[in-house]
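Colleague: dropping a prediction and its sequence here:
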2 protein chains.
Amino acid sequence: MDNKSTEDYIKSIYRLEQDNGTALTTSLARLLGVGAGSVTDMVKKLSDKRLLHYEPYQGAKLTPDGKRLALKMVRRHRLWEMFLVTFLNYKWDEVHDEAERLEHVTSEGLEQRIDKALGYPKVDPHGDPIPTAEGELIDVSYKSLSDCNVSDEGVIVRVSDDSPEMLQLLTKLGLGLNTKIRISQKVKYDGSVIITMGGREIPLSPVMSKSIFINIPE
Amino acid sequence: MDNKSTEDYIKSIYRLEQDNGTALTTSLARLLGVGAGSVTDMVKKLSDKRLLHYEPYQGAKLTPDGKRLALKMVRRHRLWEMFLVTFLNYKWDEVHDEAERLEHVTSEGLEQRIDKALGYPKVDPHGDPIPTAEGELIDVSYKSLSDCNVSDEGVIVRVSDDSPEMLQLLTKLGLGLNTKIRISQKVKYDGSVIITMGGREIPLSPVMSKSIFINIPE
DNA sequence: TAATAAATTTAGGCTTACCTAAATATAAAT
DNA sequence: ATTTATATTTAGGTAAGCCTAAATTTATTA
Ligand SMILES: [Mn+2]
Ligand SMILES: [Mn+2]
Ligand SMILES: [Mn+2]
Ligand SMILES: [Mn+2]
């Protein structure tokens, strides 16, 4: 009945299920940093608790209860990230690990007070939407730079938050949420994308350009 | 190697050792809400980790390492309490349980930022001193109302924080930190203490008067 | 001092969340 | 259709942190 493990498993399963339709054992093991055998064990337990459906060899899918829990944890994680940035002067590359721990010791009341103190924010410091208290997640599917075409223009509305190093690099380049940029060239040779921002040309690697999302006004 | 248990044991041992010179098994068990046998187990493990000295039947005493850890946890606990009151509008009777959980997921950096955001506070919302980052605890030994004499006068500087109910009652009576009061009568019959505060007379039970501390200017 | 009571430790068990290695199932390649 | 490779599950174990009940030690009282 450990909170932390259950909650982290459910969050990871949620993510994998969103991306791939199902959460396979090995992907989960990699994401959680545990052995495959451990995952099989745990997934069975979570299935007993009716947080997910488990079909041997086919992976896991969350039940409504599981999804509710996942969204609650995502909400707490993102609220904490926002809170740390807003009230404690954290940078956007420093908040993930802290939130990863704080999310598990957050009461209903604490969640509400953080939400209120922040003025009920809609997105976290990386532009990821914050699920509502009722578990609604507004699915904003922005285009990543690698999916854009030359001369597309817009503001950065979201960046992938899985690498602090990448976030630091963006900061160094002067790129952040709300930065206005334009796609000036797509390099076929290596998949790079070259953008212009305030007159400067900035080349971005394929991985980088998959991690940055912009909103293009029609 | 769980953090939470280790840290809560060490904190409790610290408290018992301060009060009684040693932390006996049964007191610890009562304080932590576990069985006596469990305490014996755990105390041996903590002894192996050199956080305390354990003499069978004689109880436990913290080593310097143990004391350092205890003070670190007390510091984090009290900083969190102060933070919740100052930034999230918690009342003084609502912060203890939250802090009890948050203290275990607090990195060095988070501790520092909370400290800074609060302007390096010296005491928590109950008037308890906050140990410094270096582990210094200024020992302020104020007199409890039950130790005062009739016509003693001063301001409330500390209240015991182990009962939310009691804290709520104080609030209802209009008593808080910095409230100026005077001892108007000591009732021998039942051990009550009657105080005056802003003209009003307020009777306080023996337990209550042992829980309120004032500073009497010479 | 001997008997009794209270506190403490020991012994045997349980659950959770891990691990590793062996067995098995599924998918890919010949 | 086999063989081979990969993914997954099973089996057997471990360490924490807890429990209860029995044994033992220490303290109290007669
Ligand atoms: Mn987490
Ligand atoms: Mn984020
Ligand atoms: Mn605690
Ligand atoms: Mn306090």
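Modeller: Here it is on my side, so go on. Ligands and ions are numbered 1, 2, ... in the order given.

Colleague: per-residue pLDDT, residue A:55?
Modeller: We have a pLDDT of 97 for residue A:55.

Colleague: list the buried residues of stretch A:81-100.
Modeller: A:81-85, A:87-88, A:90, A:92-96, A:98-100 (16 or more other CB atoms under 10 Å in any protein chain shown). Heads up, the C-betas are built off the backbone N, CA and C, glycines and all.

Colleague: where does pLDDT dip in chain A?
Modeller: A:1-2 (pLDDT under 70).

Colleague: tell me which helix or strand comes right after the longest helix along chain A.
Modeller: Looking across chain A with DSSP state H, the single longest helix is helix A:64-88. As assigned by DSSP states H and E, the chain's next helix or strand after helix A:64-88 is helix A:95-102.

Colleague: which of the buried residues of stretch A:81-100 lies closest to ligand 1?
Modeller: residue A:100 (4.0 Å; CB to the ion).

Colleague: contact partners for that closest one?
Modeller: Taking CB atoms under 8 Å, 6 or more residues apart in numbering or on different chains, we find residue A:100 in contact with A:8, A:77.

Colleague: how about the residues of chain A near DNA strand D?
Modeller: Contact residues (CB under 7 Å from any atom of the strand) of chain A with DNA strand D: A:24-27, A:36-37, A:39-41, A:43, A:54, A:56-57, A:59.

Colleague: which of the residues you listed tops the neighbour count?
Modeller: residue A:39 (24 neighbours; other CB atoms under 10 Å in any protein chain shown).

Colleague: mind checking the SS state of that residue?
Modeller: Under DSSP: H, G, I helix; E, B strand; the rest coil, residue A:39 falls in the helix class.

Colleague: surely it meets residue A:31?
Modeller: No. Residue A:39 is beyond contact range of residue A:31, at 9.5 Å (criterion: CB atoms under 8 Å).

Colleague: skipping its backbone neighbours, what lies nearest residue A:157 in space?
Modeller: Nearest non-adjacent residue to residue A:157, counting by CB to CB, 6 or more residues apart in numbering or on different chains: residue A:215, 4.5 Å away.

Colleague: actually residue A:149, not the one I typed
Modeller: Spatial nearest neighbour of residue A:149, excluding adjacent residues (CB to CB, 6+ apart): residue A:183 at 6.6 Å.

Colleague: ditto for residue A:79
Modeller: Excluding the flanking residues, the one nearest residue A:79 by CB to CB, 6+ apart is residue A:114, at 5.0 Å.

Colleague: roughly how far does that neighbour sit from residue B:89?
Modeller: Residue A:114 sits 11 Å away from residue B:89 when distances are taken as CB to CB, to the nearest Å.

Colleague: repeat for residue A:191
Modeller: 50 Å.

Colleague: now the helix or strand hosting residue A:110: buried residues?
Modeller: Per DSSP H and E, residue A:110 falls inside helix A:108-117. Within helix A:108-117, the residues scored as buried using 16+ other CB under 10 Å are A:110, A:111, A:113, A:114, A:115, A:117.

Colleague: between these, which is nearest ligand 4?
Modeller: residue A:110 (16.8 Å).

Colleague: what about the strands in chain A?
Modeller: A:52-55, A:59-62, A:143-144, A:153-159, A:180-186, A:193-197, A:200-204, A:212-215 (DSSP state E).

Colleague: which one of the ones you listed lies nearest to residue A:136?
Modeller: When the strands of chain A are compared by CB to CB, strand A:59-62 sits nearest residue A:136, at 15.9 Å.

Colleague: got the CA positions of that closest one in PDB?
Modeller: Written as PDB, here are the backbone C-alpha positions of strand A:59-62 (Å, rounded to 0.1, in the frame of the first residue of the first chain):
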ATOM      1  CA  GLY A  59       0.400  -4.700 -21.500                       C
ATOM      2  CA  ALA A  60      -1.800  -2.600 -19.200                       C
ATOM      3  CA  LYS A  61      -4.500  -0.100 -19.700                       C
ATOM      4  CA  LEU A  62      -6.000   2.100 -17.000                       C
END
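
Colleague: roughly how far is stretch A:93-100 from the heart of the chain?
Modeller: Here stretch A:93-100 is found 12 Å from its chain centre; the criterion is CA atoms, centre = their mean, to the nearest Å.

Colleague: show me what contacts the nearest residue to residue A:86 once chain neighbours are set aside?
Modeller: Using CB to CB, 6+ apart and skipping the chain neighbours, the partner closest in space to residue A:86 is residue A:118 (6.0 Å). Neighbour list for residue A:118: A:79, A:82, A:83, A:86 [criterion: CB under 8 Å, 6+ apart].

Colleague: go again using 10 Å as the cut-off
Modeller: Counting by CB atoms under 10 Å, 6 or more residues apart in numbering or on different chains, residue A:118 makes contact with A:79, A:82, A:83, A:85, A:86, A:87, A:130.

Colleague: just residue A:94 next, same as before
Modeller: Contacts for residue A:94 (CB under 10 Å, 6+ apart) come out as A:81, A:84, A:85, A:88, A:125, A:164, A:167, A:168, B:109, B:110, B:113.

Colleague: so which of those residues is the closest to ligand 4?
Modeller: Distances from ligand 4 to the contacts of residue A:94, taken by CB to the ion, are shortest for residue B:110, at 18.5 Å.

Colleague: relative to ligand 2, how far out is the spatially closest residue to that closest one that is not a sequence neighbour?
Modeller: Distance criterion CB to CB, 6+ apart; nearest residue to residue B:110, sequence neighbours excluded, is residue A:98 at 5.9 Å. Distance, residue A:98 to ligand 2, using CB to the ion, to the nearest Å: 11 Å.

Colleague: I'm done for today, thanks for sticking with me.
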